[in-house]
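> Model the structure of this input:
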Amino acid sequence: KVANIIDSSSQGDQIVIGSKVSVINHQSKNNHEYQLVEANEANPLVGKISSVSPVGAAILGRRLGDEVTVSTPAGEQVYTIDGIK
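Alright, predicted model coming up:
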């Protein structure tokens, strides 16, 4: 087995697995908070989204203030990243 160790201090304000992220949906003006996790840890009911989900894949590697567009069954959703922990 191989483990990759990520030094979060070197990531700056970039979103990585484990980051807690706040985004604003442009259409609804609602703020959503997510934690980006591996697929086997995902639980959308408690705000844990997979890094391979549509939203997770769109925000992975992004930075504070970035705008992302996500294709969903309801149409395209645009989000702005407004917080990273």
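> Report the buried residues of the helix or strand Glu33 falls within.
Assigned by DSSP states H and E, Glu33 belongs to strand 31-37. Of the residues in strand 31-37, those buried by neighbour count under the rule 16 or more other Cβ atoms under 10 Å are 34-37. All C-beta atoms are positioned from the backbone trio N, CA, C, and that covers glycine.
> One more: stretch 34-52?
For stretch 34-52, by 16+ other Cβ under 10 Å, it's 34-37, 42, 48-51.
> can you redo those residues as JSON lines with pLDDT and distance to Val70?
Output for those, formatted as JSON lines (pLDDT from 0 to 100; distance: Cβ to Cβ, whole Å):
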{"residue": "Tyr34", "pLDDT": "97", "distance to Val70": "12"}
{"residue": "Gln35", "pLDDT": "98", "distance to Val70": "17"}
{"residue": "Leu36", "pLDDT": "98", "distance to Val70": "14"}
{"residue": "Val37", "pLDDT": "98", "distance to Val70": "17"}
{"residue": "Ala42", "pLDDT": "98", "distance to Val70": "16"}
{"residue": "Lys48", "pLDDT": "98", "distance to Val70": "17"}
{"residue": "Ile49", "pLDDT": "97", "distance to Val70": "11"}
{"residue": "Ser50", "pLDDT": "97", "distance to Val70": "13"}
{"residue": "Ser51", "pLDDT": "96", "distance to Val70": "14"}
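> Which pLDDT value goes with Thr72?
Looking at Thr72, its pLDDT stands at 84.
> How about it: what's its closest non-neighbour residue?
In space, not counting the residues next to it along the chain, Thr72 is nearest to Pro54; the distance is 6.4 Å by Cβ to Cβ, 6 or more residues apart in numbering.
> okay, the one you found: pLDDT?
94.
> Then the one 5 residues further on?
Looking at Ile59, its pLDDT is 98.
> Over to Ile84?
Predicted confidence (pLDDT) for Ile84: 96.
> all helices of this protein, in order?
Counting by DSSP state H, the chain forms helices over residues 54-59, given from the N-terminal end onward.
> strands paired with the strand holding Glu33, and their directions?
With DSSP bridges as the criterion, the sheet partners recorded for strand 31-37 are strand 20-25 (antiparallel), strand 48-50 (parallel).
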